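Student: Just need the structure, nothing else, for what follows:
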Amino acid sequence: MRLPDIERRFAPRGILASTYMDESMPGETGAHARGAAFTKTLLVCSDPALPNEELVSGLRGLRFFVRPCGASEALEQLGRDDWDVVLIDEHGGVGGALTLIHAIRAGFPAALLPVVVLGGASQSEARADAFKQGASDWIMQPADLADVSRRLATLADLGRLRRQRAAEHGYYRAKLSARSSRLNGLIETCIMMSMSRDRAALLQQLLSEGRRLLHCDGATMYMVTDQETLRFELRTRSDPLPSVQIPLYDSQTGRPNENYVSVYTAVHNCSVRIDDVYRETRFDLSGTRAFDIASGYRTVSMLTVPIAPRGGAPIGVLQFMNALDPINGAIVPFDPESVALVEALAAQAAVALDNLELVESQKQLMESLIQVLATAIDAKSPYTGRHCERVPDLAMGLAKAACDATEGPFATFGFRSDAEWEEFRIGAWLHDCGKVATPEYVIDKATKLETIQNRIHEVRMRFEVLRRDLEIERLRAQLAGTCTAETDAAHRASLLRLEEDFAFVAKCNKGTETMGEDAIARLARIGALRWTRHFDDRLGLSEAELASRADEAVQPLPCSEPLLADRARDLIVRPADDQPDPSFNFRMEVPQHLYNRGELYNLSVRSGTLTREERYKINEHMVHTVMMLEQMPFPKHLRRVPEYAGTHHERMDGKGYPRQLGPQQLSVPSRIMAVADIFEALTAADRPYKKPKKLSEALAVLQKMSGAHVDADVFNLFLRSGVYLEFARKHLQPEQIDVSDPSPYYATVQHG
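Tutor: I've put the predicted structure just below:
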């Protein structure tokens, strides 16, 4: 028998339960007096039918309970009952004493069951062997009965004390183990709650773990609302939660509604323990009693614990019903030690809930700031309205199609968690955040001469001046009598040429057609025409404007000026610090000047309305996007937001911007963003410089761009999945949707 088994066997008895108690005998001292009880002695002799009667009667007279038995039944007796001491009468002829001692020690350690041998003085060798086998004492025959009784009683007392110590050790070890187990469970639960990101799961875990710690029959959770009420949140029973809410304060007096134990706990931030609900007089428990009547359940003991961080106001209340005795299952009062553990659990849960709410609030704040920024960018220019909203919508749809693919180039692609989806969505929302640094008049530049306003009006006034000059010249000729048919025809021809020249300049200003060399030469000829200025053009200028003309000579009035000109003051110097940070590895050619507002220079732009400087200023929004986002301290799960937001203008041939990344450096989400951005721009109906393209036109453009510019696999997925049509039906005008079969628009894919 193992030692723990021995400890468990003797544990219920203790030192007093192992003897037959009686009053101490007068005159007895020492160990026997301390025993003062029947010492249970198993006497093993050669013939149990013929025991040493003198020894038996003598020991019984000295308050020993003696049972004689033979060696063959000794082990059976030891297994059947508890004995204080075993006495082997070797003098009686028990030849197997050593074997018996060895067998006893195999199941009963010497510390708990002493074995005494009555032997002869001449048996010195047997005596030594007996001690080796585990005998506790050897009493030589003949022996004095008083000496035998004292030695047996002393050994019995020592055995009882050792058994008591072993029992106490086992009891406290079991208690310590149970407490350690509960504490470990509490710690593990607290750690899990602190890591939880699911509020519902956290609350359920709190309620379940509290019930487990208290070993009770049922539990209910209330949460404090913003309206200062207690709302039923969870319960362990399966019946529906009550919809009624309990006010924390009386609406008339404003005083705490302390009649309810749950409210009392919430208001005073303290636990309340009730041993018997039906004898409780401090609180109104009529609701609990009514529930008992309706359900047949009987609530006896109750405990309410606040859910509150240390030093903080409660955010909820835990209510537990009917603590159960772990041995017999009877309803008992709640154990104060367990209550302390549940209070600690509730406090930790409150911290976890507070942290969870803080994280969720920060997440919502971040989402709001991102959408506010995107909305502000769209609102900054009426011509790009909702671009920052539509692109994420399209990108998310295309990303879902890629994740759903089970074969082909996207079979292994996927966002594996909600965090990865969030990361991509935020990147899509922020893809144009750098436009906050781009001037509106550049973004909105619908004509070549436009800055803050369209300067074609200023040019037209010069043509008006020339026309009036021609009219004045004709009228003067008429007054002088020198007007002839030839001069009149020349006058009409000049007027017609002037009108044609202005119409040509105005047409060039719109930028809807590509400019050839002939057109640029004609612009130069027209610009060389002169007109006369009579007023000082420095009057009414700002200090900055005057400073930009400091190096220009003042012309005496009236003075002749070209009709169209590129002046020194039209060159806006780029500040020395207006250069991309080299640490970001941008690969964009930076024009020498910040702006060139020369009239001929702008009107001569071959395609579109933007000059080289303005095109860079537009493209520079990607520089600002990357710099802004890569310097933001995004959390780990959002670390790829700058990548997703800052690569949608890169190209598959490595000729994009701002870093000229190649296909090896462009992830699938980055390629998705490029297709989404271009398709939205082609089909948008709010661009000032173009009409919205029909679906067929936009798909044809993307088909041509596939391979070198955008990923052909992504574009084909865009068509095959139907995302293009879903987006079109949601955001395009009905007259733009002219494609239902995308087959003609699939791009040729070349892998390898």
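Student: From now on I want contacts and neighbour counts done on CA atoms only, so please keep to that.
Tutor: Will do.
Student: Does anything pack onto the helix or strand harbouring residue 41? Which helices or strands?
Tutor: Using DSSP states H and E, residue 41 sits in strand 37-44. The contact analysis (3 or more CA pairs under 8 Å, 6 or more residues apart in numbering; DSSP states H and E) places strand 37-44 against strand 20-21, strand 64-69, helix 71-80, strand 85-89.
Student: Kindly recompute the last result at 10 Å.
Tutor: For strand 37-44, the packing partners by 3 or more CA pairs under 10 Å, 6 or more residues apart in numbering; DSSP states H and E come out as strand 20-21, helix 53-61, strand 64-69, helix 71-80, strand 85-89, strand 115-120, helix 145-195.
Student: Of those, give the one that comes closest to residue 289.
Tutor: Set against residue 289 and scored by CA to CA, these come closest in helix 145-195, at 32.1 Å.
Student: Please convert the helices and strands packed on strand 37-44 to JSON lines, extending it with mean pLDDT.
Tutor: Shown next, in JSON lines, are the helices and strands packed on strand 37-44 (pLDDT from 0 to 100):
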{"stretch": "strand 20-21", "mean pLDDT": "35"}
{"stretch": "helix 53-61", "mean pLDDT": "88"}
{"stretch": "strand 64-69", "mean pLDDT": "90"}
{"stretch": "helix 71-80", "mean pLDDT": "88"}
{"stretch": "strand 85-89", "mean pLDDT": "91"}
{"stretch": "strand 115-120", "mean pLDDT": "87"}
{"stretch": "helix 145-195", "mean pLDDT": "79"}
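Student: got a list of what residue 534 touches?
Tutor: By CA atoms under 10 Å, 6 or more residues apart in numbering, the contact set of residue 534 is 556, 557, 558, 559, 560.
Student: Would you map the helices across the stretch 351-500 of the chain?
Tutor: Ranges of helices in the stretch 351-500 of the chain, per DSSP state H, counting those that start in this stretch, are 387-404, 418-429, 440-443, 456-480, 485-510.
Student: Among those helices, which comes closest to residue 677?
Tutor: Set against residue 677 and scored by CA to CA, the helices of the stretch 351-500 of the chain come closest in helix 387-404, at 5.8 Å.
Student: Let's see the closest one as PDB, backbone CA atoms only.
Tutor: In PDB, the C-alpha atoms belonging to helix 387-404 read as follows (Å, rounded to 0.1, in the frame of the first residue of the first chain):
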ATOM      1  CA  HIS A 387     -13.800  58.800 -55.500                       C
ATOM      2  CA  CYS A 388     -12.200  57.900 -52.100                       C
ATOM      3  CA  GLU A 389     -15.500  56.100 -51.300                       C
ATOM      4  CA  ARG A 390     -16.100  54.300 -54.600                       C
ATOM      5  CA  VAL A 391     -12.500  52.900 -54.900                       C
ATOM      6  CA  PRO A 392     -12.600  51.000 -51.600                       C
ATOM      7  CA  ASP A 393     -16.000  49.600 -52.500                       C
ATOM      8  CA  LEU A 394     -14.700  48.300 -55.800                       C
ATOM      9  CA  ALA A 395     -11.400  47.100 -54.400                       C
ATOM     10  CA  MET A 396     -13.100  45.200 -51.600                       C
ATOM     11  CA  GLY A 397     -15.400  43.400 -54.100                       C
ATOM     12  CA  LEU A 398     -12.400  42.500 -56.300                       C
ATOM     13  CA  ALA A 399     -10.400  41.300 -53.300                       C
ATOM     14  CA  LYS A 400     -13.300  39.100 -52.200                       C
ATOM     15  CA  ALA A 401     -13.400  37.600 -55.700                       C
ATOM     16  CA  ALA A 402      -9.700  36.800 -55.500                       C
ATOM     17  CA  CYS A 403     -10.100  35.200 -52.000                       C
ATOM     18  CA  ASP A 404     -13.000  33.100 -53.300                       C
END
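Student: what residues are up against residue 486?
Tutor: Residue 486 neighbours (CA under 10 Å, 6+ apart): none.
Student: neighbours around residue 239, how many?
Tutor: If you count neighbours by other CA atoms under 10 Å, residue 239 ends up with 7.
Student: and it, that's in a helix?
Tutor: No. Residue 239: not assigned to a helix; according to DSSP: H, G, I helix; E, B strand; the rest coil it is coil.
Student: Next one: it relative to residue 642, how far apart?
Tutor: As for residue 239, its distance to residue 642 is 49 Å (criterion: CA to CA, to the nearest Å).
Student: what's the answer for residue 673, then?
Tutor: From residue 673 over to residue 642 the distance is 12 Å, taken as CA to CA.
Student: any shared contact partners between those two?
Tutor: Joint contacts of residue 673 and residue 642 (CA under 10 Å, 6+ apart) are 424, 427, 428, 431.
Student: What score does the residue nearest the centre of the chain have for pLDDT?
Tutor: Nearest to the mean C-alpha position of the chain, by CA atoms, centre = their mean, lies residue 197 at 5.4 Å. Residue 197 is assigned 74 on the pLDDT scale.
Student: mind listing what it touches?
Tutor: 352, 353, 355, 356, 357, 359, 360.
Student: show me where pLDDT drops low in the stretch 601-750 of the chain?
Tutor: Residues of the stretch 601-750 of the chain meeting the criterion pLDDT under 70: 687-690.
Student: Am I right that residue 246 is in contact with residue 262?
Tutor: Yes. The pair residue 246 and residue 262 qualifies as a contact (CA atoms under 10 Å) at a distance of 9.0 Å.
Student: Please identify which of the helices of the stretch 351-500 of the chain is closest to residue 283.
Tutor: helix 418-429 (46.9 Å).
Student: what helices or strands is that closest one leaning on?
Tutor: For helix 418-429, the packing partners by 3+ CA pairs under 10 Å, 6+ apart are helix 336-380, helix 387-404, helix 641-645, helix 668-683.
Student: Pipe those into CSV and attach mean neighbour count per row.
Tutor: Shown next, in CSV, are the helices and strands packed on helix 418-429 (neighbours: other CA atoms under 10 Å):
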stretch, mean neighbour count
helix 336-380, 17
helix 387-404, 21
helix 641-645, 25
helix 668-683, 23
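Student: So for residue 490, which of these sits nearest?
Tutor: Taking CA to CA, helix 668-683 is the member of these nearest to residue 490, at 48.4 Å.
Student: surely residue 574 meets residue 592?
Tutor: Yes. Contact status for residue 574 versus residue 592: in contact at 6.8 Å, counting by CA under 10 Å.
Student: got the contact list for the residue located most distally from the centre of the chain?
Tutor: Distance from the centre of the chain peaks at residue 481, with 93.1 Å (CA atoms, centre = their mean). By CA under 10 Å, 6+ apart, residue 481 lies in contact with residue 475.
Student: For it, give its distance to residue 721.
Tutor: Counting by CA to CA - residue 481 and residue 721 are separated by 81 Å.
Student: Next one: residue 508, what pLDDT does it get?
Tutor: 95.
Student: mind listing what the closest residue to it other than its chain neighbours touches?
Tutor: Spatially, and ignoring its direct neighbours in sequence, residue 508 is nearest to residue 603 (6.1 Å; CA to CA, 6 or more residues apart in numbering). Contacts for residue 603 (CA under 10 Å, 6+ apart) come out as 447-449, 505-511, 515, 520, 523-524, 564, 597, 609-611.
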